[in-house]
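S.K.: Dropping the sequence and predicted coords here.
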Amino acid sequence: MEGVDHLADERNKAEFNVDDMKIIWAGSRHAFDVSNRISRFVATDPVFEKSNRALMTRKELFKNTLKKSVYAWKIIKELRLSDEEGIKLRIFMDQPGFLDLHWGMFVPAIKGQGTEEQQQKWLSLANKMQIIGCYAQTELGHGSNVQGLETTATFDPKTDQFIMHSPTQTSSKWWPGGLGKVSTHAVVYARLITNGKDHGVHGFIVQLRSLDDHSPLPGITIGDIGMKFGNGAYNSMDNGFLMFNQFRIPRDQMLMRLSKVTREGKYIASDVPRQLVYGTMVSVRQTIVSKASDALARAVCIATRYSAVRRQFGSENGGIETQVIDYKTQQNRLFPLLASAYAFRFVGEWLKWLYTDVTQRLEASDFVTLPEAHACTAGLKSMTTSATSDGIEECRKLCGGHGYLWCSGLPELFAVYVPACTYEGDNVVLQLQVARFLMKTVSQLGSGKAPAGTTAYMGRAQHLLQCRSGVQKAEDWLNPSMVLEAFESRALRMAITCAKNLSKFENQEQGFSELLADLVEAAIAHCQLIVVSKFIAKIEGEIEGKGVKKQLKNLCYIYALHLLHKHLGDFLSTNSVTPEQASLASHQLRSLYSQVRPNAVALVDAFDYTDHYLGSVLGRYDGNVYPKLFEEALKDPLNDSVVPDGYHEYIRPLIKQNFPSAKL
Ligand SMILES: CCCCCCCCCC/C=C\CCCCC/C=C/C(=O)SCCNC(=O)CCNC(=O)[C@H](O)C(C)(C)COP(=O)(O)OP(=O)(O)OC[C@H]1O[C@@H](n2cnc3c(N)ncnc32)[C@H](O)[C@@H]1OP(=O)(O)O
Ligand SMILES: Cc1cc2nc3c(=O)[nH]c(=O)nc-3n(C[C@H](O)[C@H](O)[C@H](O)COP(=O)(O)OP(=O)(O)OC[C@H]3O[C@@H](n4cnc5c(N)ncnc54)[C@H](O)[C@@H]3O)c2cc1C
């Protein structure tokens, strides 16, 4: 029934103040106000309509994305939206496109790696969108191995120019978003060669297309790489290819904040770590963590509301059927994902702080925390995007058959989200960076250099290697120090075992290659510890609002104990818990599920998502699912006519058996 809240009973059960939780979720009252206002603005503007995009052809979808992106930019300018409001507008527009790469990578790359003069020149154009940029790093032959890139930028002292060249097919740039059809410029990563010497990969600003008629400049071959996974979804983005044929750019278009080439062709490296050339990736990995919580929260919101609406079995005595959310199996699959969405939100907040801190330190030439910032952004990007991709797919299954319908919103969310496991660094490759960092930290234990930050726990190695968990009853698993100790001893013991096994190899690199799988497991254990510890820090801090803290505590322990259950092999094999303690954890989990159950719908309401942003018939705020499923079905082009196109050509001849006989 239209106008009726089918989930009202669920909302009445909530034991906490949802409005207060909305503020916690958003991060502050101000952030909530901005999100709330912008999401409703987008939801009511017909230009941002998106329900029809699955039926669009690639060309229509691309053009629709151009229209929305340019309209969004016009609104940002005309209404003088702040940066924060502009970002929210792009997020709620919910259609990947060139704006993401222009603002998310091109501009930050120039800010991070350009000199003052370069920033002044290029950012004044980019900030007004008089040029449109992308981030062209990956090549057909190399993505993960950035040092293996083949594109060359050879300095020509005669003309004071760099000659950009793609020497092989595999050196073609391949994948950059916005490159295929839109960008006029790119930050291109290429091997810098001066006086015959290769100085490794550096960034260059390169104009690709004419600012008059958009045609590629002579010496540049460029296009779109073709359809990607899923209908609609990420196909709104023009991921592109690019080849250079001896294409010349002025010397001052090399990004020269970190190193320089003089007029004479002399290469001058500054004393900052060369890895700062990877700085844009670190910044984006950090934002991907908060985005993971957002994508997972969308899926969980849909699955939770639908699980409260959907009923199956239990009416044997003539009563009403059971809501599927009341099945413990449903809770055991759904509530850990709900808890993960909150966990990733809080670790994302913390990571933002860490990133801001390292940025300020770098500006003051303090590079001490750079390795940790790299390890945390890489590891948490990897861990949260993998968990979110799996979580979205689990939410689809939690919605049964209807979850497979496009209008559930889940197939598209999955298709758009899943490349996050690959872009900005393949998730396995990134965990191996964490593993290297951990092995280095372990090798320095006992050297007098105390581990700091997220590896500080390793400084208590003597205790953590010997301790036995003190959990004796199920409630002990609600004791933060007992939970933390179990996760710390598991992570440390896994890292130390890897280090011991590594030391058996004469050649460390060969040992590392042999032990890759174990190293990834150790890195994941470390990252899970970070997320658990930041969630615990959150619930131990000041939290306002009736009943809010209690709910967050429940979710925090669900998150931790569910991980313990899922990775029980690690916890048992490292003797971090005993089988009896593990079974107490399962007992405690069931009790926590019962406590979350009456609050589940309110906990997803706290995300404050509009029906437009969710884009899901199953996740509608009012729970009016069935009539809307019918409405959606009737909109399908196949239902335009009662007798389908093709009836006379194929179905009728088949039924009447009067088709011409087949010839071999
Ligand atoms: C319709 C529904 C809508 C639904 C919406 C859903 C939400 C969607 C969310 C969207 C969010 C965002 C959109 C993003 C758009 C995507 C755009 C994608 C862009 C890209 O992918 S750009 C290309 C990214 N490429 C990579 O990430 C490459 C990965 N590889 C590397 O980073 C490196 O090569 C490496 C780290 C793997 C290895 O580098 P290398 O130089 O070889 O290093 P090593 O020899 O291993 O190490 C040397 C030392 O350097 C240290 N190091 C390495 N990297 C860094 C760094 N970044 N910072 C600091 N230090 C670093 C390393 O640790 C070593 O240190 P050591 O010597 O051991 O002390
Ligand atoms: C949607 C999307 C958007 C993108 N946007 C951009 C963009 O805007 N700009 C840009 O420059 N790039 C972009 N990329 C490219 C992206 O950054 C790369 O695809 C990514 O870094 C992975 O690199 P790869 O493709 O070379 O994977 P590969 O490295 O070839 O990975 C293949 C397999 O090999 C494994 N593997 C690789 N190396 C190792 C190792 N050392 N140890 C163990 N296993 C290993 C991986 O785990 C994976 O299973 C985008 C990619 C996608 C999918």
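M.R.: It's in. Ligands and ions are numbered 1, 2, ... in the order given.

S.K.: what about the residue of the stretch 1-150 of the chain found nearest ligand 2, which SS state?
M.R.: Residue of the stretch 1-150 of the chain nearest ligand 2, by Cβ to the nearest ligand atom: residue 143 (2.4 Å). Every residue, glycine included, has its C-beta placed from N, CA and C. In three-state terms, and counting by DSSP: H, G, I helix; E, B strand; the rest coil, residue 143 is coil.

S.K.: how much space between it and ligand 1?
M.R.: Distance from residue 143 to ligand 1, counting by Cβ to the nearest ligand atom, to the nearest Å: 6 Å.

S.K.: For residue 90, give me its contacts.
M.R.: 72, 99, 100, 103 (Cβ atoms under 8 Å, 6 or more residues apart in numbering).

S.K.: Check residue 151 too.
M.R.: Counting by Cβ under 8 Å, 6+ apart, residue 151 has contacts 139, 164, 165, 166, 167, 171, 173, 188, 189, 190, 191, 244.

S.K.: And those residues, which of them are buried?
M.R.: Buried members of the contacts of residue 151, scored by 16 or more other Cβ atoms under 10 Å, are 139, 164, 165, 166, 171, 173, 188, 189, 190, 191, 244.

S.K.: partners of the third one in the sheet?
M.R.: Partner residues in beta bridges with residue 165, using DSSP bridges, are residue 152.

S.K.: one step back: leaving out chain neighbours, which residue sits closest to the residue of the stretch 1-150 of the chain closest to ligand 2?
M.R.: residue 175 (7.0 Å; Cβ to Cβ, 6 or more residues apart in numbering).

S.K.: Assess the claim that the one you found and residue 226 are in contact.
M.R.: No. Counting by Cβ atoms under 8 Å, residue 175 does not reach residue 226; the two are 11.2 Å apart.

S.K.: Let me know the secondary structure of residue 226.
M.R.: coil.

S.K.: In space, what's closest to the residue of the stretch 51-200 of the chain found nearest ligand 1 - neighbours in sequence excluded?
M.R.: Ligand 1 sits closest to residue 146 of the stretch 51-200 of the chain, with a gap of 3.5 Å, by Cβ to the nearest ligand atom. Spatial nearest neighbour of residue 146, chain neighbours left out: residue 201 (5.9 Å); criterion: Cβ to Cβ, 6+ apart.

S.K.: Residue 361 contacts residue 367, doesn't it?
M.R.: Yes. Using Cβ under 8 Å, residue 361 is in contact with residue 367, at 7.4 Å.

S.K.: Could you find the closest non-adjacent residue to residue 6?
M.R.: Residue 6 sits nearest to residue 623 (Cβ to Cβ, 6+ apart), 3.4 Å away.

S.K.: Could you pull up the residues touching the one you found?
M.R.: Neighbouring residues of residue 623 by Cβ under 8 Å, 6+ apart: 5, 6, 7, 305, 308, 309.

S.K.: circling back: Serialize the contacts of residue 90 to TSV and add fields for distance to residue 155, secondary structure and neighbour count.
M.R.: Listed next are the contacts of residue 90 as TSV, based on distance: Cβ to Cβ, whole Å; DSSP: H, G, I helix; E, B strand; the rest coil; neighbours: other Cβ atoms under 10 Å:
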residue	distance to residue 155	secondary structure	neighbour count
72	40	helix	23
99	34	helix	24
100	33	helix	18
103	31	helix	19
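
S.K.: in this structure, which segments are predicted with low confidence?
M.R.: By pLDDT under 70, the low-scoring segments of the chain are 1, 660-664.

S.K.: before we move on, back to that, residues in a beta bridge with the residue nearest to residue 146, which ones?
M.R.: Per DSSP bridges, the residues bridged to residue 201 are residue 191.

S.K.: filter the contacts of residue 90 down to the ones close to ligand 1.
M.R.: residue 100 (Cβ under 6 Å from any ligand atom).

S.K.: how about CSV for the contacts of residue 90, with distance to residue 230 added?
M.R.: Output for the contacts of residue 90, formatted as CSV (distance: Cβ to Cβ, whole Å):
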residue, distance to residue 230
72, 23
99, 20
100, 17
103, 24
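
S.K.: Can you tell me which of the contacts of residue 90 is nearest residue 579?
M.R.: Closest approach to residue 579 among the contacts of residue 90 (Cβ to Cβ): residue 100, at 47.8 Å.

S.K.: Might you report the residue contacts of that closest one?
M.R.: By Cβ under 8 Å, 6+ apart, the contact set of residue 100 is 90, 177, 178, 237.

S.K.: Closest one to residue 554 out of those, please.
M.R.: Lowest distance from residue 554 to those (Cβ to Cβ) belongs to residue 90, with 33.5 Å.
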